[in-house]
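pasting the structure only:
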Ligand SMILES: O=C(O)COP(=O)(O)O
Ligand SMILES: [Mg+2]
């Protein structure tokens, strides 16, 4: 279904996008950084297929999930020391490799250009830390599309909390009824539902191994270009 059919009065005024798994296939580089972190800690490696199921709740949760998978249970103090060490290693390695193998998905350039040509405002609301988000937007020359960019550490709450979506709508002075969220995971769908805006979900991203249909988004697409009228 095209956007113009979905919004009776034409197009939404604002489209908010998720980054990882929606615009950018980032798992190859996330997995590289996680495996370099695990190797430095002499722990068993995870690989892309595991990491794909762990992405979506921010970098700290990604590292926690990787440690929970690779470390036999330990006491709280060892766990927190290990986390601090692991997280620092992850940040260091991801900083080196975040744009090595990551690629934009098919249809992304087409949709962003279509929305820009139609003067629809766009925002980026990701759970990825803001410093990596900004580097990747520069690397893929996407920064100019977005009127607002929020990372997982930009505000006190991240998706699935509605705060970053509500904040973006307030800053751009657009109501939830005139806003569409586009994402790949339950966090995006739940945040949009709680913020009162409609949500389109892509089928190709990272949703912890579950189909996005389980969370009842308003629209489901296999390629973002399907939204273009
Ligand atoms: O960093 C993550 O956990 C994923 O970020 P996303 O919100 O862009 O999917
Ligand atoms: Mg995502």
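Cool, the structure landed. Since this is a predicted model, take the numbers as computed values, not measurements. Numbers count the residues shown, from 1 in each chain. Ligands and ions are numbered 1, 2, ... in the order given.

what are the ranges of the strands in this protein?
Applying DSSP state E to the chain gives strands spanning 14-17, 24-25, 103-104, 121-125, 148-150, 179-183, 198-202, 219-221.

Any regions of the chain where pLDDT drops low?
Applying pLDDT under 70 to the chain flags residues 1-2, 4-10, 73-78, 229.

could I get the strands of the chain as a markdown table with distance to ligand 1 and mean neighbour count?
In short, each C-beta sits where N, CA and C put it, glycine included. Below are the strands of the chain laid out as a markdown table (distance: least, Cβ to the nearest ligand atom, whole Å; neighbours: other Cβ atoms under 10 Å):
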| stretch | distance to ligand 1 | mean neighbour count |
| --- | --- | --- |
| strand 14-17 | 9 | 26 |
| strand 24-25 | 8 | 23 |
| strand 103-104 | 13 | 14 |
| strand 121-125 | 7 | 25 |
| strand 148-150 | 10 | 21 |
| strand 179-183 | 7 | 28 |
| strand 198-202 | 11 | 25 |
| strand 219-221 | 16 | 18 |
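
quick one: buried residues of the lengthiest helix in the chain?
Counting by DSSP state H, the longest helix found in the chain is helix 76-97. Buried residues in helix 76-97, counting neighbours by 16 or more other Cβ atoms under 10 Å, are found at 82, 86, 87, 89, 90, 91, 93, 94, 97.

just those now: which is nearest residue 16?
residue 94 (24.0 Å; Cβ to Cβ).
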